[in-house]
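Colleague: sequence-free structure coming up:
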């Protein structure tokens, strides 16, 4: 289904700090954005980039792209200007929408991203950029409906992020991912047009944009939170009688840390289904959330690539605590030599089937996720029990999941090894009680360099000047020499294991 299939007066978006956007308003404004892009010369298969915080205009643009046969890339608003400029260039974006508060970023894009033809500032005026509201007021008729799709960036294990790109649909159903999620929302989670959905996640995340647009396909109302705040979440549930919500485990932790008097102030009995993903949830945290919200918490596991996936309901999870559910497609657990392991033994997880996709402009990376049998891997480690339930134990690629956000440590390592006072650097995740993991660096200083708090602060600042803060180490430890094999391969797992002693799983 699409926006035009729903009652025009029904609420599509509810904004926490005031205002409601109906389906009729969302459709009309999305058509205007589609017309604007068409008049500017964008055609099926062209790219659009959004650098927007959680605000209603985000979905006016994404739906416009979907109505226009365009690829849209939602860019992390915490990226540095250099990182944003890279994504805009790499995505071949011909149009960019940014928040009017991002003055430095606006200057950077107009100066360096020569392939951008359309520059639009949302929420106010920005020098060198056209006002979004003025442009919409002047837009003509919308072009014919044509299927577009998201093209979201999933950082690689080496260097820069890469976009996950699927062939544009031609069946009138729009995004493949949203179609799958719409089915799940209706059939597994019981969502109807009368439902109210709350997700505090940043909209640039795959779950933020794709789930909310899938909710729009169902015809339910979605609440937009500018940012996560634990008490505001409870107030929204109470005030709007929220039926469905999605969180990451860090949000559960913050909700549980609210004083009892605050938690008891709000009525959460309207909730029918709570979903969590992005990072495994500590068993104790999930038990406590079920005691509070009831046995209504569902979990899923997967990746932006779309070929791996599981779900597990509350009753299943209570019978199999710690599991992420039964895989949708056959899964194979392989050892380092590619041999298949029996039930109960941990190895790298490979999945059969799934949709066609590519890492945009990176055929080598696309090929790297598949083995010689055509099975594909996200790089996660785990095992399948005798009863068919999947358990995750580690990540072969050292991906860090902190507060539900994927962090790929190679980016920070690439920065740190260029610091003149270092010889070597290893970056990985270590346990953090609130976020699951946090970023840690262990470095080898150059000869004559004194390790200590001053160098630690210098290295952290050096990294933050070049990468988004969340990608950079929060703490730095020093080693006289980092372990490498004779060929130069870093034994990072040996270093990381020091910080994970006495823990049965390397995934929190």
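Modeller: Looks like it came in fine. Note that the coordinates shown come from a computational prediction; the quantities given were computed from them, not determined experimentally.
Colleague: Can you pull up the most central residue in this structure?
Modeller: residue 205 (3.3 Å; CA atoms, centre = their mean).
Colleague: With residue 151 as the reference, measure out to that one.
Modeller: 14 Å (CB to CB, to the nearest Å). In short, each C-beta sits where N, CA and C put it, glycine included.
Colleague: Same question for residue 432.
Modeller: From residue 432 to residue 151 the distance is 31 Å (CB to CB).
Colleague: repeat for residue 348
Modeller: From residue 348 to residue 151 the distance is 27 Å (CB to CB).
Colleague: just how off-centre is the longest helix along the chain within its chain?
Modeller: Looking across the chain with DSSP state H, the single longest helix is helix 23-39. Chain-centre distance of helix 23-39: 26 Å, with CA atoms, centre = their mean, to the nearest Å.
Colleague: That one packs against which elements?
Modeller: Packing partners of helix 23-39 (3 or more CB pairs under 8 Å, 6 or more residues apart in numbering; DSSP states H and E): strand 11-15, helix 57-68, helix 132-138.
Colleague: nearest to residue 323, of the ones you listed?
Modeller: helix 57-68 (33.4 Å; CB to CB).
Colleague: If you count neighbours, what's buried in the helix or strand following the closest one?
Modeller: With elements assigned by DSSP states H and E, the helix or strand that comes after helix 57-68 is strand 71-74. For strand 71-74, a neighbour-count test (16 or more other CB atoms under 10 Å) marks 71, 72, 73, 74 as buried.
Colleague: swap in stretch 453-460?
Modeller: 455, 456, 459, 460.
Colleague: What is the nearest of those residues to residue 175?
Modeller: The closest of the buried residues of stretch 453-460, once distances to residue 175 are taken by CB to CB, is residue 460, at 38.5 Å.
Colleague: Can you verify the closest one is assigned to a helix?
Modeller: Yes - Residue 460: assigned to a helix according to DSSP: H, G, I helix; E, B strand; the rest coil.
Colleague: so it sits right up against residue 471, yeah?
Modeller: No - if you go by CB atoms under 8 Å, residue 460 and residue 471 don't touch, sitting 11.5 Å apart.
Colleague: residue contacts, the residue lying farthest from the centre of the chain?
Modeller: What lies farthest from the middle of the chain is residue 448; by CA atoms, centre = their mean that is 41.9 Å. If you count contacts by CB atoms under 8 Å, 6 or more residues apart in numbering, residue 448 has none.
Colleague: what do you get for residue 124?
Modeller: 100, 101, 131.
Colleague: ok, now with 7 Å
Modeller: residue 100 (CB atoms under 7 Å, 6 or more residues apart in numbering).
Colleague: Of the helices and strands packed on helix 23-39, which stretch is the most buried?
Modeller: helix 57-68 (a mean of 26; mean count of other CB atoms under 10 Å).
Colleague: what comes into contact with that one?
Modeller: 3, 13, 26, 29-31, 33-34, 37-38, 42, 48, 50, 52, 72, 97, 122, 132, 142-143, 145-146, 148, 174-175, 203, 209, 212-213.
Colleague: again with stretch 451-463
Modeller: By CB under 7 Å, 6+ apart, the list of residues contacting stretch 451-463 reads 412, 415, 416, 419, 421, 443, 445, 449, 472, 473, 476, 478.
Colleague: What of stretch 252-262?
Modeller: With CB under 7 Å, 6+ apart as the criterion, stretch 252-262 contacts 230, 231, 233, 281, 285, 288, 289, 434.
Colleague: quick one: which of the buried residues of stretch 453-460 is nearest residue 274?
Modeller: Nearest to residue 274 among those, with distances taken as CB to CB, is residue 460, at 35.7 Å.
Colleague: what's the pLDDT at that closest one?
Modeller: For residue 460, the pLDDT comes out at 97.
Colleague: Roughly how far does it sit from residue 475?
Modeller: Distance from residue 460 to residue 475, by CB to CB: 8 Å.
Colleague: And residue 223, by the same measure?
Modeller: 36 Å.
Colleague: Comparing these two, which shows the higher neighbour count?
Modeller: residue 223 (23 against 12; other CB atoms under 10 Å).
Colleague: Quick check on that one: phi, psi?
Modeller: Torsion angles at residue 223 (phi, psi; degrees, to the nearest 10) stand at phi -100, psi 130.
Colleague: Looks like it contacts residue 201 (just checking).
Modeller: No - using CB atoms under 7 Å, residue 223 is not in contact with residue 201, being 11.6 Å away.
Colleague: Helices of the stretch 201-350 of the chain, start to end?
Modeller: 206-218, 230-240, 249-256, 260-263, 283-293, 314-319 (DSSP state H, counting those that start in this stretch).
Colleague: and the third one, how far out from the chain's middle?
Modeller: With CA atoms, centre = their mean as the basis, the distance from the averaged C-alpha position of helix 249-256 to the chain average is 18 Å.
Colleague: Let the chain start at 667 from now.
Modeller: With 667 as the first residue, the last one maps to helix 915-922.
Colleague: and it, what's its mean pLDDT?
Modeller: The average of the pLDDT scores along helix 915-922 is 84.
Colleague: Kindly report the same for stretch 790-810.
Modeller: 93.
Colleague: do the same with stretch 1032-1049
Modeller: pLDDT averaged over stretch 1032-1049 gives 91.
Colleague: Then stretch 876-892?
Modeller: 96.
Colleague: Show residues contacting it.
Modeller: With CB under 7 Å, 6+ apart, stretch 876-892 has contacts from 667-669, 672, 676-683, 719-722, 725, 728, 816, 841, 843-844, 847-848, 851-852, 857-859, 861-866, 898, 902, 906, 908, 912.
Colleague: 6 Å instead, please
Modeller: Here stretch 876-892 makes contact (CB atoms under 6 Å, 6 or more residues apart in numbering) with 667, 672, 677, 679-682, 720, 843-844, 847-848, 851, 857, 859, 861-864, 866, 902.
Colleague: From these, which land in strands?
Modeller: Residues of the contacts of stretch 876-892 located in strands (DSSP state E): 677, 679, 680, 681, 862, 863, 864.
Colleague: Can you tell me how far the fourth one is from residue 696?
Modeller: Applying CB to CB, one obtains 17 Å for the distance of residue 681 from residue 696.
Colleague: doesn't residue 748 fall inside a helix?
Modeller: Yes - under three-state DSSP, residue 748 falls within a helix.
Colleague: Quick one: neighbours of it, just the number.
Modeller: Neighbourhood size, residue 748 [other CB under 10 Å]: 13.
Colleague: Repeat that for the one 10 residues further on.
Modeller: The burial count assigned to residue 758 is 19, neighbours taken as other CB under 10 Å.
Colleague: wait, doesn't it sit right on residue 714?
Modeller: No - contact criterion CB atoms under 6 Å: residue 758 and residue 714 do not qualify, at 10.0 Å.
Colleague: wait, what's in contact with residue 693?
Modeller: 669, 670.
Colleague: per-residue confidence at it?
Modeller: Residue 693 is given a pLDDT of 95.
Colleague: Could you list the low-pLDDT ranges of this structure?
Modeller: Applying pLDDT under 70 to the chain flags the ranges 667, 821-825, 944-946, 1060-1063, 1151-1155, 1168-1174.
Colleague: what residues go with each domain of it?
Modeller: 669-676+686-843, 993-1063, 1066-1166 (automatic domain parsing).
Colleague: wait, which of those domains is closest to residue 985?
Modeller: Closest among the domains of the chain, using CB to CB: domain 993-1063, at 9.0 Å.
Colleague: returning to that earlier point: could you export the buried residues of strand 737-740 to CSV, including columns for distance to residue 1003?
Modeller: Listed next are the buried residues of strand 737-740 as CSV, based on distance: CB to CB, whole Å:
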residue, distance to residue 1003
737, 39
738, 41
739, 38
740, 39
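Colleague: my guess is residue 701 meets residue 803, correct?
Modeller: No - with contact defined as CB under 6 Å, residue 701 does not reach residue 803; the gap is 11.6 Å.
Colleague: Return the list of helices and strands in contact with the helix or strand harbouring residue 785.
Modeller: If you go by DSSP H and E, residue 785 is part of strand 784-788. On a contact count with 3 or more CB pairs under 6 Å, 6 or more residues apart in numbering; DSSP states H and E, strand 784-788 meets strand 759-765, helix 798-804.
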